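Trainee: coords please:
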Amino acid sequence: MRYSRIIIYFCVTNFKGIKKTGKILGFSVGGIILFLALLFVLIQTSLIQSFISKAIVSELSDKLHTKVSIGKIEYKFFDDIAIRDLYVEDQQKDTLLFVNRADAHFKF
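Mentor: A predicted model of the protein is given here:
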C-alpha cells in the first residue's frame with residue numbers, strides 16, 4: 001500500500017512535468033517562429049532596407065578608402081535584389097563604376 005502511493009505520486013508528478021515542459025517548448029518554438037516572421041516583414045520595409053544599405057556603403061567606403069554610394073536597394077521575397085544608382089569612385093577621385101540599375105536573382 002505504501003509503495004503504491006509513492007509510485008502514483010511520481011507518475012502524476014512526471015506527467016505534470018512533461019505537460020509543463022511541452023508548454024514551455026511550444027511557447028519557445030512559437031516565439032522563435034514569430035520573431036523570424038517579424039524579422040522577414042521588417043526586412044521588406046524601405047526604412048530597414050535603407051538602413052542596411054547605409055551600413056554597407058559606410059563599411060565599403062572605409063575598407064576601400066574611396067567614395068561608394070547607393071541610391072536604393074530593394075530586397076524582394078528571398079530571391080531578388082535590385083540596386084539602383086550604384087556609384088564607386090577610385091582613389092584618384094575618378095568614376096570607377098556607375099550602374100543605373102543592377103538586378104540579382106539567386107536561390108538558397
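
Trainee: which SSE is the residue nearest the centre of the chain in?
Mentor: By Cα atoms, centre = their mean, the mean C-alpha position of the chain lies nearest to residue 39, the distance being 5.6 Å. Secondary structure assignment for residue 39, by DSSP states H and E: helix 2-43.

Trainee: Beyond that helix, next helix or strand please.
Mentor: Moving toward the C-terminus from helix 2-43, the next helix or strand (DSSP H and E) is helix 46-64.

Trainee: after that next one, next one along is what?
Mentor: Later in the chain than helix 46-64, the nearest helix or strand by DSSP H and E is strand 68-76.

Trainee: and the following helix or strand past that following strand, how far out from the chain's middle?
Mentor: Counting by DSSP H and E, the element after strand 68-76 in chain order, helix or strand, is strand 80-89. Mean-position distance between strand 80-89 and its chain equals 21 Å (Cα atoms, centre = their mean, to the nearest Å).

Trainee: Name the strands paired with whatever helix or strand comes next after strand 80-89 and say parallel or antiparallel.
Mentor: Next helix or strand after strand 80-89 toward the C-terminus (DSSP H and E): strand 95-105. Strand 95-105 pairs in its sheet with strand 80-89 (antiparallel), by DSSP bridges.
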